[in-house]
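[1] Sequence first, predicted model second:
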Amino acid sequence: MSSQSPLDWQVRKRIALGTASGLACLHNECERKIIHRDIKAANIFLNEDFDAIIGNFGISIVTDHVITDVPIQHVCGTIGHIAPEYLAKSICSEKSDVYGYGIFLLELITRQTSFDLDRLAHEEDMMLVDWVRAYIKVAKCKKGQSSGGEMLSTPVYMSQPSGFIDEQFPNHVYKLNKPIYGLKQAPRAWFSELQRWNHSPSIETFVKKFGSQFSIKDLALDRANVVGTKAVKTPLSTGNTLSISDSAHLGDAKEYCKIVGNLQYLMLIRPDIAYAVYKLAQFANHPTTNHWTAVKRVLRYLGGSFEHGLFLSDNSPLTLHAYSDSDWVGNKDDHTSTSAFVVLLGRNPIA
């Protein structure tokens, strides 16, 4: 694949969009749903104008549109293009085709094959998706994308990632100029860096100045039009239980998914909304109007609880206590129970 002349990027875009359009037709526009099961470059035919046409339906499955998962006896397809859940559970769906299409896109962009034993000979990952993950990890390191702080206070070294071993210096290590994601020194570096910017007169000024130095994303949780509304004392209503079909389907789920996705970042520093966010994320595929109301309730709760936090006492006794509870078949959809626990060291919650 790498020996051929690379396609122009506009041509690659045309092929990618044409293939996506073909998959959408197979899954949604045919009289019955068609699951191809082997989306790959060899099965994407091109005419002289590089219009993509999906072909070779030898192992495809035809089913009703209402059926989402189709059990199969034998896993078929091409190594590197088979979705992990399809391989593990012997169940295929249109999502299996979407995974194969994603691998096809990676092939189109990187000019690498989905599965290549030659990469193993160079101590690289055989599977293209793993190779890309390793490449991104190294690219972040080389670009110096920090997770806090311009410089480390003490020298930190890391081994060369698998698949990116320097052939001339295979036994050398990297000396980090900045802390990277997952480094145990990162929180302290972040704290030191944030102290330098703590003189900003307003949050808007802070975000603007801090964004000029670091790559940040403003999650903007006011997009649900709840600014100025009455605050509530709990993230979720204690009287109503959410379920899959508890109300009318929400027409456009994009805003719902965006806000729930943003809340997943926020719950890292606000564990009090963790359960609510996990619960709302379960309905991201088909949210209802009740689910959207519940999302707004979480935002209203946050709006009235800026001062909330976990209090850690410095004179708490060193006694350990643990409490647990369960709602006993509280899920109306699959009749499962939800359990929770809290562990206290004296008066301080630690887990």
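    Here it is on my side, so go on. Numbering: from 1, shown residues only.
[2] Tell me the confidence at the most centrally placed residue in the chain?
    Geometric centre of the chain, nearest residue: Gly261, 8.7 Å, by CA atoms, centre = their mean. Per-residue pLDDT puts Gly261 at 84.
[3] Correct me if wrong, but it is in a strand.
    No. Counting by DSSP: H, G, I helix; E, B strand; the rest coil, Gly261 is not found in a strand; it is helix.
[4] where exactly do the strands run in the protein?
    With DSSP state E as the definition, the chain shows strands at residue ranges 33-35, 44-46, 52-54, 61-63, 70-71, 91-92, 157-159, 173-175, 320-326, 339-345, 348-349.
[5] List every C-alpha atom in stretch 326-345, with coordinates, as PDB.
    Written as PDB, here are the backbone C-alpha positions of stretch 326-345 (Å, rounded to 0.1, in the frame of the first residue of the first chain):
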ATOM      1  CA  SER A 326     -28.700  -1.000  47.500                       C
ATOM      2  CA  ASP A 327     -32.000  -0.100  45.900                       C
ATOM      3  CA  TRP A 328     -32.900  -3.800  45.300                       C
ATOM      4  CA  VAL A 329     -34.100  -4.200  41.700                       C
ATOM      5  CA  GLY A 330     -34.500  -0.500  41.300                       C
ATOM      6  CA  ASN A 331     -33.900  -0.500  37.500                       C
ATOM      7  CA  LYS A 332     -37.200  -0.600  35.700                       C
ATOM      8  CA  ASP A 333     -35.600  -1.600  32.400                       C
ATOM      9  CA  ASP A 334     -33.600  -4.700  33.300                       C
ATOM     10  CA  HIS A 335     -34.600  -5.200  37.000                       C
ATOM     11  CA  THR A 336     -31.000  -4.900  38.300                       C
ATOM     12  CA  SER A 337     -30.000  -3.400  41.600                       C
ATOM     13  CA  THR A 338     -27.700  -0.400  42.100                       C
ATOM     14  CA  SER A 339     -25.300  -0.600  45.000                       C
ATOM     15  CA  ALA A 340     -23.100   2.100  46.500                       C
ATOM     16  CA  PHE A 341     -20.700   2.400  49.400                       C
ATOM     17  CA  VAL A 342     -18.700   5.100  51.300                       C
ATOM     18  CA  VAL A 343     -15.600   4.600  53.400                       C
ATOM     19  CA  LEU A 344     -14.700   7.100  56.100                       C
ATOM     20  CA  LEU A 345     -11.400   7.500  58.000                       C
END
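[6] Alright, calling it a day.
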